[in-house]
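[1] Got a predicted model here, sequence first, then my questions.
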Amino acid sequence: MGQKSEVNPIWACRAFPAYPVVLAAVGDVENGGKCNVITIALVHMFSFNPPVLGIGVSPSRYSYNLFDQCPDFSINVPGKELVEEVLYCGQKSGKDIDKFEECGLSNIKGRKIASPIIQDCMVNLECRKVNKIDAGDHTWFLGEVVHAEMENCVDRERALMYWAGEFRVLGDIIRRR
Ligand SMILES: Cc1cc2nc3c(=O)[nH]c(=O)nc-3n(C[C@H](O)[C@H](O)[C@H](O)COP(=O)(O)O)c2cc1C
């Protein structure tokens, strides 16, 4: 084991292993409401049954009020072929532009939610908001997955991960349990 020294807890958290990256979409797509899409690495499963996922959104984001006000949102899992779009949606603000249009991402209404889903992604998870937790500089919006669609032969190796400024894909399988 390597030698250790005390480090600042704030940047030690950055050594947390790679986060999955998703595109979260929110808004009322059919009733003329504003819609937006944002790149999110703070995403986690909070319950398997019922299936509950959470996303951490900073109140400084333009999207924050949309997530706060809308009853639902979608979590869309992009493949690595969408890395440029993922970066764009994580650097540009929907305050001034339509990121769906700029990136050529489809924003059709979900089947069971008013918010859009992004069909270009390999998995679409439609979430109905069930909880909101202020955790510090990010607020967690928890949503029960009420409808889900995924590619028939979803290729896990296409999933995008993010760690310390670098996008990656999963590495080798080293053991099965
Ligand atoms: C790889 C990556 C991951 C990100 N993860 C998050 C996140 O988990 N939560 C968050 O609030 N912002 C996150 N961001 C930043 C937002 O996506 C970014 O500030 C975006 O431009 C906000 O869009 P908006 O102004 O349209 O809301 C991430 C950005 C990148 C590039």
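    That came through, no problem. Residues are numbered from 1 along each chain as shown.

[2] Need the contact partners of stretch 105-123.
    23, 25-31, 33, 35, 37, 70-74, 76-79, 82, 85, 99-100, 124, 126-128, 146-151, 154-155, 158-159 (CB atoms under 8 Å, 6 or more residues apart in numbering). Just so you know, the C-beta spots here come from the backbone N, C-alpha and C atoms, and that holds for glycine as well.

[3] pLDDT on it, on average?
    The average of the pLDDT scores along stretch 105-123 is 97.

[4] Apart from its chain neighbours, what residue comes closest to the closest residue to the ligand within the chain?
    Nearest to the ligand in the chain, going by CB to the nearest ligand atom, is residue 90, at a distance of 2.6 Å. If the residues on either side of it in the chain are set aside, residue 90 comes closest to residue 39, at 3.1 Å by CB to CB, 6 or more residues apart in numbering.

[5] Same check on residue 59?
    Closest to residue 59 by CB to CB, 6+ apart is residue 139, at 6.2 Å.

[6] same question, residue 51
    Using CB to CB, 6+ apart, the nearest residue to residue 51 is residue 145, at 4.2 Å.

[7] can you list contacts of the helix or strand the one you found falls within?
    Applying DSSP states H and E as the criterion places residue 145 in strand 139-150. Strand 139-150 has contacts (CB under 8 Å, 6+ apart) with 42, 46, 50-59, 64, 67-68, 72-73, 75, 110-113, 117, 122-133.

[8] From these, list the buried ones, please.
    Buried residues within the contacts of strand 139-150, counting neighbours by 16 or more other CB atoms under 10 Å: 46, 52-57, 64, 67, 72-73, 75, 110, 113, 117, 122-129.

[9] Give me the subset of those lying in strands.
    46, 52-57, 72-73, 75, 117, 123-129 (DSSP state E).

[10] and the residue nearest to residue 90, that one's in a strand?
    Yes - according to DSSP: H, G, I helix; E, B strand; the rest coil, residue 39 belongs to a strand.

[11] Show me what it is bridged to.
    Assessed by DSSP bridges, residue 39 has beta-bridge partners residue 23.

[12] is stretch 140-152 anywhere near the ligand?
    No - Stretch 140-152 does not reach the ligand (CB under 6 Å from any ligand atom); its nearest approach is 10.0 Å.

[13] got the buried residues for that stretch?
    Result for stretch 140-152 [16+ other CB under 10 Å]: buried residues 140, 141, 142, 143, 144, 145, 146, 148.

[14] Residue 94 contacts residue 37, doesn't it?
    Yes - Residue 94 is within contact range of residue 37, at 7.1 Å (criterion: CB atoms under 8 Å).

[15] Now do the same contact list for the residue nearest to residue 42 when sequence neighbours are not counted.
    Excluding the flanking residues, the one nearest residue 42 by CB to CB, 6+ apart is residue 56, at 3.1 Å. For residue 56, the contacting residues are 40, 42, 43, 135, 138, 139, 140, by CB under 8 Å, 6+ apart.
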